[in-house]
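> need a structure here:
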Amino acid sequence: MKIELKDAGDARKVATITFEAEEVAEKEKKVCKDFANQANIPGFRKGKVPPNVIRSRFGKQMNEELKRQVSTDAYEAVLERDDLRVHSILKVDAGEVDSGNAVTVEVTVDVEADFELPDYESYELSIHKTDVSDEEVEKELTNLCEQRASYEIVERPVEQGDYVKCSYEGSLDGKPVAEVVPEKPMYGKQANTWEEAGSEEGMGVKAIAEGLIGMKVEEKKTVTEDFPEDFEIPPLAGKSVSFELEVHEVREKNAPDPSSSDFLKAVSVETLDELKEKIGKDLEQRKEHQNLNGKRNQITQNLLDSEDFPLPQKAVEDEANAIFKGMAQSGMEQGVERDEIESKRDELWKQAQTNGQARVKIGIVLGRIAEKEEVKVSNEDLAQAATREAMSRRVDPQAYVKELTADRARLSRLQRDVLHDKTIDLIAGKSTEKVCEIEGDHKH
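Residues are numbered from 1 along each chain as shown. The predicted model follows:
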């Protein structure tokens, strides 16, 4: 057997494997013997059928099997080469196979380039303090009470903080805003929507939230919103829009007393101090989890910022396709029309390609670090990851593991993801940590 390699791209090669006529003849004899051992032919004992009879009866099937074996031997020979890191086999072409002649097989593969690993042991990762202040506990307690607040109908003018059922319609220069920006109904026309009176954090129209204060049920009035010059919706930027506003119902929010026995029972504690202690612990765990995610994100970005190298083309295409389909599916689930997605196809595809390249690069670098550090994935690691995935999908873990085990491609992907996660954790353990004072100030 002889192998010749030639480049077919930055990270793609074509290997030409030649089997001499004698090698092919030996393989054909073995195939013939295997067929003879399985054949049931009247007048002959199994395994004793003459080769010429086998070749006469099963010539076509034997040739297909010979071609399969030659192809398998060819790509296995490529995989065994020390000078190639094969990322994926794209094509195996054996052409015509004749047992009396030499056979040439072309194997096209995407390869991983050689590159210098980044100095991952010297990474400095930013984290935040995990101490919890009394103010943070009190704020969380207030939020918890508000989540369990009741909303009682009241017969009085609207006050700050009330929840109001109302309708409104905007007009700009005598034209309904709903016609100007039909894709943004929040700024055009709403019927029987709920607004928090005087809310500073609402995502709607500020003039409406403020204009509700003092109004009564069935009362109508006109309010005006002056949109800033840099407003995110160009047709409304720098314009004054009039809104006809009507109130239908007013509800007062009544948050429970956190020290009341009913509230404490509802949150499964006996005393307010016990509740505050629990909130403190939960906040601390949340901060620790945020630090963990922050470190993982910084490591990923550091790896992405490391030296570039040629990437396997097919892997990038596959990742980009998966990302593109995911973005399109997500858009449709959020109510975006198919025509709008199609109009942004080029922009979305460009973004998908960029993200696909990033995924492939990070995956290759993590794989190489895992190899150097001898990171392994055990069956227990896989079982735990599969169980977590099943829980997130809200399906039966045992049934999901069984389904996963039967799908080699999905199982291989899960194993790769677990390997990468363990490698990131290893890098985090080797890195130094720097506590940053400013919230959200994670630096790469």
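
> can you tell me how far residue 346 sits from residue 138?
Using C-beta to C-beta, to the nearest Å, residue 346 is found at 51 Å from residue 138. All C-beta atoms are positioned from the backbone trio N, CA, C, and that covers glycine.

> what do you get for residue 61?
Separation of residue 61 from residue 138 (C-beta to C-beta) stands at 79 Å.

> what do you get for residue 74?
According to C-beta to C-beta, residue 74 and residue 138 sit 71 Å apart.

> quick one, which of these two is more surrounded?
Neighbour totals were compared for residue 74 and residue 138, and residue 74 leads with 25 against 13 (other C-beta atoms under 10 Å).

> My understanding was that the more buried one contacts residue 94; is that so?
Yes - at 7.2 Å, residue 74 counts as touching residue 94 under the criterion of C-beta atoms under 8 Å.

> what residues do these two have in common as contacts?
Applying C-beta atoms under 8 Å, 6 or more residues apart in numbering, one finds that residue 74 and residue 94 are jointly contacted by residue 105.

> Next secondary structure element downstream of the helix ranked longest in the chain?
Longest helix of the chain, by residue count under DSSP state H: helix 272-304. Proceeding N to C from helix 272-304, the next assigned helix or strand is helix 313-333, under DSSP states H and E.

> biggest strand in the protein, by residue count?
Ordering each strand of the chain by length in residues (DSSP state E) puts strand 240-254 first.

> what packs against the next helix or strand after it?
Following strand 240-254 in sequence order, the next helix or strand is helix 261-266 (DSSP H and E). Here helix 261-266 touches no other helix or strand, going by 3 or more C-beta pairs under 8 Å, 6 or more residues apart in numbering; DSSP states H and E.

> so how far is helix 261-266 off the chain centroid?
40 Å (C-alpha atoms, centre = their mean, to the nearest Å).

> For it, which outside residues touch it?
145, 148, 256-258, 270-272, 275.

> Repeat that for stretch 385-399.
Residues external to stretch 385-399 that are found in contact with it (C-beta under 8 Å, 6+ apart): 400-401, 404, 414, 417-418.

> what's the distance between the closest residue to residue 145 other than its chain neighbours and residue 263?
Counting by C-beta to C-beta, 6 or more residues apart in numbering, residue 255 is the residue found nearest to residue 145 once chain neighbours are left out, at 4.2 Å. Distance of residue 255 to residue 263, given as C-beta to C-beta: 9 Å.

> Mutual contacts of the two, please.
With C-beta under 8 Å, 6+ apart as the test, residue 255 and residue 263 both reach 145, 148.

> who has more neighbours, the two?
Using other C-beta under 10 Å, the more surrounded residue of residue 255 and residue 263 is residue 263, with 18 against 15.

> quick one: that one from residue 141, how far?
Distance of residue 263 to residue 141, computed by C-beta to C-beta: 10 Å.

> tell me which residues of the strand or helix carrying residue 108 are tucked away?
Secondary structure from DSSP H and E places residue 108 in strand 103-111. Within strand 103-111, the residues that qualify as buried are 103-105, 107-111, counting by 16 or more other C-beta atoms under 10 Å.

> just curious, which of those residues is nearest to residue 360?
Proximity of the buried residues of strand 103-111 to residue 360 (C-beta to C-beta) peaks at residue 110, which lies at 10.1 Å.

> For that closest one, which non-adjacent residue is spatially closest?
In space, residue 110 is closest to residue 312, 3.6 Å off (C-beta to C-beta, 6+ apart).

> and stretch 83-97, average pLDDT?
Regarding stretch 83-97, the rounded mean pLDDT is 92.

> how about it: buried residues?
Judged by neighbour count using 16+ other C-beta under 10 Å, the buried positions of stretch 83-97 are 84-87, 92, 94, 97.
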